[in-house]
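A.B. asks: predicted coordinates and the sequence they were generated for:
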Amino acid sequence: MEVAVIQFPGSNCDMDAIHAVKDVIGVEARLLWHKETSLGNADAVIVPGGFSYGDYLRCGAIAKVSPIMAAVKAFAGSGGPVIGICNGFQILCESGLLPGALVMNTGLEFICDTQELAVQNSTEHFCKASLGETIRLPIAHGEGNYRIDEAGLAQLEANKQILFRYASNPNGAIGDIAGIRNEAGNVFGMMPHPERAVEGFMPSTDGEKVLRAFLRSRKLAAA
Amino acid sequence: MSLPPNPDPVLNVAITPELVQKHGLTPEEYEHIKEILGREPNLTELGIFSVMWSEHCSYKNSRPLLKGFPTQKADPDAPNQVLVKAGEENAGVVDIGDGWAVCFKIESHNHPSAVEPFEGAATGVGGIIRDIFTMGARPVLLTNSLRFGDLSSKQTQRLFRGVVHGIAHYGNCIGIPNIGGDIYFDACYEGNPLVNALCLGVLRHEDIKRGAASGVGNPVYYVGADTGRDGLGGASFASKELSEESQADRPAVQKGDPFMEKLLLEACLEMMAREGLVVGIQDMGAAGLTCSTCETAARGDAGIEIELDKVPQRETGMNSYEIMLSESQERMLVIVAKGREKELEAVFEKWDLHAVQVGTVTEGTDMVVNQHGQPVAKMPAAKLTDEAPIYHRESQEPARIAEAKNYDFSRLPVAGMETLGEALFELLGHPTIAQKRWVWRQYDHMVMTGTVVEPGSDAGVARIRLGEGKHAYIAIANDCNNRFCAVNPYKGGLIAMAECARNLACSGARPIAMTNNLNFGNPTKPESFYFLKESVRGLAEACTVFDLPVVGGNVSLYNESPTVAIDPTPVVSLVGVIDREADITKQTVKGGEAFILLGGIPTELGASYYLKVMHDLLAGDAPEVDLDAEAKVHDFVRLQIGKGRISAAHDISEGGLTVALAEMLFADGKTFGADIDISEIEPDRLDAALYGESQGRIIVAVPAKDEGKVLSDAEKFNIDAEPLGKVMDEPWLSIRTESLDDCLVWDAEELRKTWERAIPDVMERK
């Protein structure tokens, strides 16, 4: 198995994602420059955190038109697993691969902290049975306040598309939403950073479980 | 030979004494300039001399003092030798073994932050990051030392919020973790906050890059952001006192673009990884294009010629004065091996950045600046740097020092039980001592996934990935208690070093080298200069005793607002290494330990925070310092940590023994209690024992089974070690004393609430 970690010019969690997947979990992972147009033979894609283009416009608004994103969309469309973490989540929302949008935290400040998350039963791998009732993961964002219209929210709930909810909402996200998936079940987005919670000295090791759940994911047979 | 008139008629004016003065140059300095040139300078040249001879660039008032700092290890066989010394390059480099090295430096952005806190602080971070990657190192951590006025003032709250936002904005975007620092609040900083930012990078020995222009004919490239009119003459601005008119100097404050810096950082590292491509490199920081061209030429013992028409400009009609003095951010000057230009251009194209040849390394030693086909400035490059004036300033001990020293403590009776109890709440609630989580929660302190000890402990500790599964553990701490420096700048300097080294020892680290940021008032005032001179003497002596070389730093003088000069603030930062992950030690207890006090019970109250918060008093001498005893205690703590016998260690500093004990109980997710008895070791003054800030003291928490071994080892090493009591599961802190014949008891949960809420309760008020 091989994981492609997309590198935008302002990505800054790209090497952390590689470290977690390759050095800790032991799955092959490589950087993929955003100007590339092919994913090669990648089996899974991580869109990492950072400030892809400085986030001076809307987060992810420029990254979504980067050459590599056409390939990511095609890969996702054919059922390939894609996860966007933090800025990556913002990019996937901007790209239309995930519903909703992320706006400024209600406190108007960047927050770097460790949060308790309530695991939701969403897929075979993103569920309480495999991850536990609650997990702890770091967050680090200024714009992590998830927004979606009422109909959209109802759809997320009905389709069990919500992956995690904050135990104590840090950013004002609607429904305490910390992470979601697409309807098909192969595209995931989350503000918390699983790659920052994979070794003993880190705030927790729950991130490893989350990354493993992602790496096991495939398009749901019947969504 | 005089130059032709400048293409911009505005610049063709006679150089009058007023113009010279406006540039911060003295009549004598002006005469020297004429001597160097053999003619009158034109306005562009005057501007160039003024920034190069500002204190910020030339250290003209501080250089004689800085000579007292050791710049390399006394023992040539000791580990961690200095590879690039202070003053040689943009930042110093120190060996950390296995062919790896660290490169680090601290630098101030005080004046810009006073005028425009967000941009001032942000560009301070940007500037110091460039200093590090210019050396060929990948930046891996940031820290900062901040000083503000009383937090109760609206002005301070505005500056504090702006500075923290600015630091967060820049560091978070680039993705370098901010793993620590220190913040003090004191009225002396009202209107003149201090913002000192530090960056540390890692590199291989063979990858060290130099800022030298050499090889006649080698092209000189300009890379990074466009040049605009921002930051004009920032180095000169930083070298004068703040005044009512400083707000009008806002154009002298630069605007930062961290995304641009991220691109520049990655492109530069990629370029430097290609062997032999880069001959020399220097960032355009203070004094921008001026400083980078003449310094690289001077170091390379070469000439340099640049064409201003080729400099990427974001505004039209910029004249030579503006282009040369602009301090637009995120720009670098690169001297490339001739014939390999395309290789360099390809790297920058990948990162969507400019890489434009603006000049060439030339024969001779002149720096020549051309615009619109004619020379607009021409001067011997090395003389700009080497012949900067040096001043041996007059120094006089201020009267307030003797007054403080002679303070008669018998005028201050030891308080009773109730007041001594309240004092702990007052101290923990003082913003200098209170938890700074409101601050570092805004900094991405986890990116790069190496932060082992997050901000808020004695030292920040990061695990640095070196590749191939190898790691280095780097610890870093910043320190400087201005109150000690105000009453005794010499001891204040010693203490800043001693405390910083102690903080590293508590984290399990062995310090390897020091960088400092000297923040002082106007050096032409003898009393201000006395503080600078004495503080530096203290720092230098401590460096020598600990055998810790100074590998660079920054001098920020003229820190005076219209009403007040700051207390002397020589900020010290020490970098340390930890050999094994198991040795990394935090300050909070885990439960079930016994407390041991190393170094003896405190006995001095001078210049303490207790006097400040309870009596609004700055009096008494700074505490005694015994550097040899300090070093012995640090070694002992490291030794016991190495034996696995210490589960938490914390030094006694602001707020004394009781504050230190309380902080040790505030563990992540649980508040412990402690049952302490000092009745056997109580000195004459109970207030000094509880809240005095005597130096060289460390409290260690040891698993109950190891208590006896640690105590007997201490006896062998001739170290004063006193059992204090034990950690309790119930959150009550109790201290039995002889003089009260009773116990002082606090609810540790309440103490914690006071400590945690002090800053957010002020700053979250909308």
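C.D. replies: Right, received. Where do you want to start? Numbers count the residues shown, from 1 in each chain, chains lettered A, B, ... in the order given.

A.B. asks: tell me which residues touch the residue most central in space within chain B, please.
C.D. replies: In chain B, the centroid-proximal residue (CA atoms, centre = their mean) is residue B:106; its distance is 3.8 Å. If you count contacts by CB atoms under 8 Å, 6 or more residues apart in numbering or on different chains, residue B:106 has them with B:128, B:145, B:196-198, B:478, B:515-517, B:553-554, B:571, B:573. For glycine as for every other residue, the C-beta is placed from the backbone atoms N, C-alpha and C.

A.B. asks: CSV for those, including neighbour count and pLDDT?
C.D. replies: Converted to CSV, these look like this (neighbours: other CB atoms under 10 Å in any protein chain shown; pLDDT from 0 to 100):
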residue, neighbour count, pLDDT
B:128, 28, 97
B:145, 25, 98
B:196, 31, 98
B:197, 32, 98
B:198, 28, 98
B:478, 27, 97
B:515, 26, 98
B:516, 32, 97
B:517, 26, 97
B:553, 28, 93
B:554, 24, 93
B:571, 29, 98
B:573, 29, 98
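
A.B. asks: out of these, which is nearest to residue B:308?
C.D. replies: Using CB to CB, residue B:128 is the member of these that lies nearest residue B:308, at 27.5 Å.

A.B. asks: so the closest one makes contact with residue B:105?
C.D. replies: Yes: counting by CB atoms under 8 Å, residue B:105 is a contact partner of residue B:128 at 6.4 Å.

A.B. asks: quickly list what's touching both of these two.
C.D. replies: B:198-199.

A.B. asks: before we move on, back to that, can I assume the residue nearest to the centre of chain B sits in a helix?
C.D. replies: No: secondary structure assignment (DSSP: H, G, I helix; E, B strand; the rest coil) places residue B:106 in strand, not in a helix.

A.B. asks: looks to me like residue B:31 is in a strand.
C.D. replies: No: applying three-state DSSP, one finds residue B:31 to be helix, outside a strand.

A.B. asks: can you get me a residue count around it?
C.D. replies: Burial of residue B:31 is recorded as 12 neighbouring residues (other CB atoms under 10 Å in any protein chain shown).

A.B. asks: cool, the one 4 residues further on as well?
C.D. replies: Summarising burial for residue B:35: neighbours were counted as other CB under 10 Å, giving 11.

A.B. asks: for it, give its distance to residue B:383.
C.D. replies: 10 Å (CB to CB, to the nearest Å).

A.B. asks: now do residue B:28
C.D. replies: From residue B:28 to residue B:383 the distance is 16 Å (CB to CB).

A.B. asks: those two - which one has more neighbours?
C.D. replies: Using other CB under 10 Å as the criterion, residue B:28 and residue B:383 rank with residue B:383 on top: 21 against 9.

A.B. asks: look up the closest residue to the closest residue to chain A within the stretch 51-200 of chain B, ignoring the ones flanking it.
C.D. replies: Closest contact between the stretch 51-200 of chain B and chain A, by CB to the nearest CB, is at residue B:175 (2.4 Å). The shortest distance from residue B:175 to any non-neighbouring residue, by CB to CB, 6 or more residues apart in numbering or on different chains, is to residue A:12 (2.4 Å).

A.B. asks: list the contacts of the one you found.
C.D. replies: A:48-51, B:173-175, B:262, B:447.

A.B. asks: and for residue B:45?
C.D. replies: Taking CB under 8 Å, 6+ apart as the test, what residue B:45 contacts is B:33, B:37, B:377-379.

A.B. asks: kindly recompute the last result at 7 Å.
C.D. replies: Neighbour list for residue B:45: B:377, B:379 [criterion: CB atoms under 7 Å, 6 or more residues apart in numbering or on different chains].

A.B. asks: quick check: it vs chain A, distance?
C.D. replies: With the distance defined as CB to the nearest CB, to the nearest Å, residue B:45 ends up 37 Å from chain A.

A.B. asks: quick one: which helix or strand includes that residue?
C.D. replies: helix B:43-52 (DSSP states H and E).

A.B. asks: residue B:485 looks like it's in a helix, true?
C.D. replies: Yes: using three-state DSSP, the assignment for residue B:485 is a helix.

A.B. asks: next up, identify which helix or strand the nearest residue to it once chain neighbours are set aside is on.
C.D. replies: Nearest residue to residue B:485, sequence neighbours excluded (CB to CB, 6+ apart): residue B:492, at 3.0 Å. Secondary structure assignment for residue B:492, by DSSP H and E: helix B:489-506.

A.B. asks: which bits of chain B sit near chain A?
C.D. replies: By CB under 7 Å from any CB of the partner chain, the residues of chain B that approach chain A are B:168, B:172-175, B:259, B:262-263, B:351-352, B:441-449, B:452, B:465.

A.B. asks: in strands only, show me those residues.
C.D. replies: Those of the residues of chain B next to chain A mapping onto strands are B:452, B:465, per DSSP state E.

A.B. asks: quick check: ChimeraX command selecting the buried ones in the residues of chain B next to chain A.
C.D. replies: With 16 or more other CB atoms under 10 Å in any protein chain shown as the criterion, this ChimeraX line picks the buried residues out of those:
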select /B:168,172,173,174,175,259,262,263,351,441,442,443,444,445,446,447,448,449,452,465
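
A.B. asks: ends of stretch B:540-557, how far apart?
C.D. replies: Stretch B:540-557 has an end-to-end distance of 19 Å (criterion: CA to CA, to the nearest Å).

A.B. asks: same question for it: list its buried residues.
C.D. replies: B:540-543, B:545-557.

A.B. asks: over to stretch A:166-177?
C.D. replies: Buried residues in stretch A:166-177, defined by neighbour count with 16+ other CB under 10 Å: A:166, A:169-171, A:173-174, A:176-177.

A.B. asks: and stretch B:319-339, by the same measure?
C.D. replies: Buried residues in stretch B:319-339, counted by 16+ other CB under 10 Å: B:319-337.

A.B. asks: now do stretch B:720-739
C.D. replies: For stretch B:720-739, burial by neighbour count (16+ other CB under 10 Å) applies to B:720-728, B:731-737.

A.B. asks: any weak-confidence spans in chain A?
C.D. replies: A:219-223 (pLDDT under 70).

A.B. asks: would you map the helices across it?
C.D. replies: A:14-18, A:67-77, A:87-95, A:128-131, A:150-158, A:206-215 (DSSP state H).

A.B. asks: need the winner for burial among those helices.
C.D. replies: Of the helices of chain A, the one with the most neighbours on average (mean count of other CB atoms under 10 Å in any protein chain shown) is helix A:87-95, at a mean of 28.

A.B. asks: next, the angle helix A:67-77 makes with it.
C.D. replies: Helix A:87-95 runs at 80 degrees relative to helix A:67-77, counting by axes from the mean of the first three to the mean of the last three CA atoms, to 10 degrees.

A.B. asks: give me the contact list for helix A:87-95.
C.D. replies: A:46-52, A:58-61, A:63-64, A:69, A:73, A:84, A:98, A:100-102, A:143, A:187, A:189-191.

A.B. asks: which of these come close to chain B?
C.D. replies: Residues of the contacts of helix A:87-95 in contact with chain B (CB under 7 Å from any CB): A:50-51.

A.B. asks: what's across from the residue nearest to the centre of chain B in the sheet?
C.D. replies: For residue B:106, the beta-bridge partners under DSSP bridges are residue B:198.

A.B. asks: how near is it to residue B:131?
C.D. replies: Distance, residue B:106 to residue B:131, by CB to CB: 10 Å.

A.B. asks: what does residue B:170 give?
C.D. replies: Per CB to CB, residue B:170 is found 14 Å from residue B:131.

A.B. asks: out of the two, which sits in the busier spot?
C.D. replies: Each of residue B:170 and residue B:131 has its neighbours counted (other CB under 10 Å); residue B:170 has more, 29 against 26.

A.B. asks: surely that one and residue B:122 touch.
C.D. replies: Yes: between residue B:170 and residue B:122 there is a contact at 4.2 Å, judged by CB atoms under 7 Å.
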